[in-house]
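Enquirer: any chance you could fold what I've pasted below:
(2 chains)
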Amino acid sequence: KAGVTQTPRYLIKTRGQQVTLSCSPISGHRSVSWYQQTPGQGLQFLFEYFSETQRNKGNFPGRFSGRQFSNSRSEMNVSTLELGDSALYLCASSLAGNRDNSPLHFGNGTRLTVT
Amino acid sequence: DQQVKQNSPSLSVQEGRISILNCDYTNSMFDYFLWYKKYPAEGPTFLISISSIKDKNEDGRFTVFLNKSAKHLSLHIVPSQPGDSAVYFCAASWYNQGGKLIFGQGTELSVKP
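Expert: All right, here's what the predicted structure looks like:
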């Protein structure tokens, strides 16, 4: 069974630009969550989508948005990039979102560098 | 406000010995706890979890203990192997939060041959 796939693996953008990251969950998984990892703040929850609906949201500004498609694939978008957005962005999928022996399974992430 | 804390940034253990990684939490609403292992340039890999209705869960060489009164959990790895060298994160969640996990800062485990 293929794992969680994130594309691209690396991305370099300039301040003010926008970026879209993609995530394909494990087949059959309907929940997709996004996390940001930085050296200072660690792993922080961005948002979760389940059956194409945002089910939960972390404390990030509105520049961070996402969506989920009918095949459970998900994208996240960051607009008006700032230097502080440089981070590893991780996507995780699960059957039902972290319950009943259904833990989150993470992809290898997209490393975003903003210059 | 860090709700999940791993106070030891690093831990070094001899191969074959026990590794004990600790995690403290402050939010009494948490009812589900997980441990993840992370190698460089890879995403976190799920290791083991425990519900707040239990105080122990075992899976092979990995055992997680939960002390609710102390708001403390620990991961025991016995015996430790060099391939266990990685960063270990504990994470917590609570009812109806779906895919939202609160992570600790991580502990880097080094297992020396």
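
Enquirer: quick check: residue B:82 vs residue B:109, distance?
Expert: Taking C-beta to C-beta, to the nearest Å as the measure, residue B:82 and residue B:109 are separated by 11 Å. Quick note: C-beta positions are derived from backbone N, CA and C, even for glycine.

Enquirer: looking at the two, which is more packed in?
Expert: Ranked by neighbour count (other C-beta atoms under 10 Å in any protein chain shown), residue B:82 and residue B:109 place residue B:109 first, with 21 against 10.

Enquirer: check which residues of the helix or strand harbouring the more buried one are buried.
Expert: Applying DSSP states H and E as the criterion places residue B:109 in strand B:107-112. For strand B:107-112, the neighbour count (16 or more other C-beta atoms under 10 Å in any protein chain shown) marks B:107, B:109, B:111 as buried.

Enquirer: let's verify the residue nearest in space to the middle of chain A: helix, strand, or coil?
Expert: Geometric centre of chain A, nearest residue: residue A:34, 3.0 Å, by C-alpha atoms, centre = their mean. At residue A:34 the chain is in strand, as set by DSSP: H, G, I helix; E, B strand; the rest coil.

Enquirer: which pLDDT value goes with it?
Expert: Among the per-residue scores, residue A:34 holds a pLDDT of 97.

Enquirer: who does it bridge with?
Expert: Assessed by DSSP bridges, residue A:34 has beta-bridge partners residue A:47, residue A:91.

Enquirer: so it makes contact with residue A:66?
Expert: Yes: counting by C-beta atoms under 8 Å, residue A:34 touches residue A:66, with 6.1 Å between them.

Enquirer: joint contacts of those two?
Expert: A:46, A:47, A:74, A:76 (C-beta atoms under 8 Å, 6 or more residues apart in numbering or on different chains).

Enquirer: can you give me the strands in chain A?
Expert: Counting by DSSP state E, chain A has these strands, from start to end: A:5-7, A:10-13, A:19-24, A:31-38, A:42-50, A:53-57, A:64-68, A:74-78, A:87-94, A:105-106, A:110-114.

Enquirer: would a markdown table of those strands with distance to residue B:51 be doable?
Expert: A markdown table is the format used below for the strands of chain A (distance: least, C-beta to C-beta, whole Å):
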| stretch | distance to residue B:51 |
| --- | --- |
| strand A:5-7 | 29 |
| strand A:10-13 | 38 |
| strand A:19-24 | 27 |
| strand A:31-38 | 18 |
| strand A:42-50 | 20 |
| strand A:53-57 | 20 |
| strand A:64-68 | 27 |
| strand A:74-78 | 27 |
| strand A:87-94 | 16 |
| strand A:105-106 | 19 |
| strand A:110-114 | 32 |
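
Enquirer: nearest to residue B:71, out of those?
Expert: If you check each of the strands of chain A against residue B:71 by C-beta to C-beta, strand A:42-50 wins as the nearest, at 18.8 Å.

Enquirer: chain center to the closest one, what's the gap?
Expert: Computed by C-alpha atoms, centre = their mean, to the nearest Å, the chain-centroid distance of strand A:42-50 equals 7 Å.

Enquirer: cool, and stretch A:105-114?
Expert: On C-alpha atoms, centre = their mean, the centre of stretch A:105-114 falls 8 Å from that of its chain.
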